[in-house]
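Okay, predicted coordinates and the sequence, questions at the end:
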Number of protein chains: 6
Amino acid sequence: MPIITIEGPQISKDQKRKLVGEITKTASGIIQLPEECFTVLIKESDHDNVGVGGILLSDKESH
Amino acid sequence: MPIITIEGPQISKDQKRKLVGEITKTASGIIQLPEECFTVLIKESDHDNVGVGGILLSDKESH
Amino acid sequence: MPIITIEGPQISKDQKRKLVGEITKTASGIIQLPEECFTVLIKESDHDNVGVGGILLSDKESH
Amino acid sequence: MPIITIEGPQISKDQKRKLVGEITKTASGIIQLPEECFTVLIKESDHDNVGVGGILLSDKESH
Amino acid sequence: MPIITIEGPQISKDQKRKLVGEITKTASGIIQLPEECFTVLIKESDHDNVGVGGILLSDKESH
Amino acid sequence: MPIITIEGPQISKDQKRKLVGEITKTASGIIQLPEECFTVLIKESDHDNVGVGGILLSDKESH
């Protein structure tokens, strides 16, 4: 613990590596807990499965 | 914010479109916040990954 | 299953009652599963614990 | 309700069957609610999508 | 990792202790990962904030 | 979207402000989406409700 879950678009492995590294370092510094305590979960959502303002993201993009 | 997450079975894109539209409209009316504020996440679970009453849904269906 | 989680502001018990009833009815009709299968979880977030666009909601409101 | 979510590595169907059965039985006995009330969701994470201590699990394994 | 989240009713500290201990032991044995890897999060829901079959649990109990 | 959820210990409002600001900036830069798209949810867990390695955090601290 702590556990940071990032729900977002599909991203590259390199972006995941950076995200995990930098988010952990930033949160560790602010929360004042060692980096080893932190778990980061990346959840990549398909734009058919996300709605903002009542509209599927995939529909927004195809307009 | 608000964020509505729907964990359920695999459904068609049209069902997702309706779900996002109608759930956002319903929740917006009750919570009294504009539809633009709402994010809806649809999580489709494989029936091998869901248990109800201690039994996998896929096992329930194959009996 | 399905499970619908609503992360949002603090609301009244009556709004919760309506939210649970109407969201269940709407989702049941679209997903074509009986209402009895549906669980709805309401998570009320304090505006000190929510950030949008990098700013705490409570700070946005106090400006 | 209750709902138990297990975020972990990819596992076999037989492990899922055991996990759902035994976790439900254990939790039902301790919480004192019938097994029928319990839903278990299994979320299998790819090791590219999990970071511990600021490092992707897949990178840890390839070292 | 793995992370097990238990959404359920309010329970005593002793039940939490047993839940964390026994769920971790059971899951560790089935998933074949050491107990030290496991994090368990207990989320106690107020019955005003949970709906099953479209009805608030607190309303079901008061009938 | 994206949505970043941080499950961790109780922290001060100032830490929350920093966490929301810096995590959003970091993630926005790596994922290449504008900061306005990001929602951050902070979930503060009581140490009676978190187990690591099968032991409640509150029990670990009292030993």
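Cool, got the structure.

quick one: contacts of the worst-scoring helix or strand of chain A on mean pLDDT?
Sorted by mean pLDDT, DSSP states H and E, the helices and strands of chain A end with helix A:57-62, the least confident at a mean of 90. Contacting residues not belonging to helix A:57-62 are listed as A:46, A:47, A:48, A:50, A:51, A:52, B:13, B:17, F:1 [CB atoms under 8 Å, 6 or more residues apart in numbering or on different chains]. C-beta coordinates here come from the backbone N, C-alpha and C atoms, glycine included.

Could you measure from the first one over to chain E?
Separation of residue A:46 from chain E (CB to the nearest CB, to the nearest Å): 23 Å.

Repeat that for the third one.
With the distance defined as CB to the nearest CB, residue A:48 ends up 26 Å from chain E.

from what I can see that residue touches residue B:13, true?
Yes: the pair residue A:48 / residue B:13 is scored as a contact, 5.6 Å apart, by CB atoms under 8 Å.

hey, C-alpha coordinates of the longest helix seen in chain A in PDB?
Taking DSSP state H as the criterion, chain A has its longest helix at helix A:13-31. The C-alpha coordinates for helix A:13-31 follow below in PDB (Å, rounded to 0.1, in the frame of the first residue of the first chain):
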ATOM      1  CA  LYS A  13       5.300   0.000 -23.000                       C
ATOM      2  CA  ASP A  14       7.700   2.900 -22.700                       C
ATOM      3  CA  GLN A  15       5.000   5.300 -21.600                       C
ATOM      4  CA  LYS A  16       3.900   2.700 -19.000                       C
ATOM      5  CA  ARG A  17       7.500   2.400 -17.700                       C
ATOM      6  CA  LYS A  18       7.700   6.200 -17.400                       C
ATOM      7  CA  LEU A  19       4.200   6.500 -15.800                       C
ATOM      8  CA  VAL A  20       5.000   3.800 -13.200                       C
ATOM      9  CA  GLY A  21       8.400   5.300 -12.400                       C
ATOM     10  CA  GLU A  22       7.500   9.000 -12.200                       C
ATOM     11  CA  ILE A  23       4.000   8.600 -10.600                       C
ATOM     12  CA  THR A  24       5.600   6.400  -7.900                       C
ATOM     13  CA  LYS A  25       8.400   8.900  -7.300                       C
ATOM     14  CA  THR A  26       6.000  11.900  -7.200                       C
ATOM     15  CA  ALA A  27       3.500  10.200  -4.800                       C
ATOM     16  CA  SER A  28       6.300   8.700  -2.600                       C
ATOM     17  CA  GLY A  29       7.700  12.200  -2.100                       C
ATOM     18  CA  ILE A  30       4.400  13.800  -1.200                       C
ATOM     19  CA  ILE A  31       2.900  11.000   0.900                       C
END
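
what helices or strands is that helix leaning on?
If contacts are counted by 3 or more CB pairs under 8 Å, 6 or more residues apart in numbering or on different chains; DSSP states H and E, helix A:13-31 sits against strand A:3-8, strand A:39-44, strand D:50-52, strand D:55-56, strand F:3-8, helix F:13-31.
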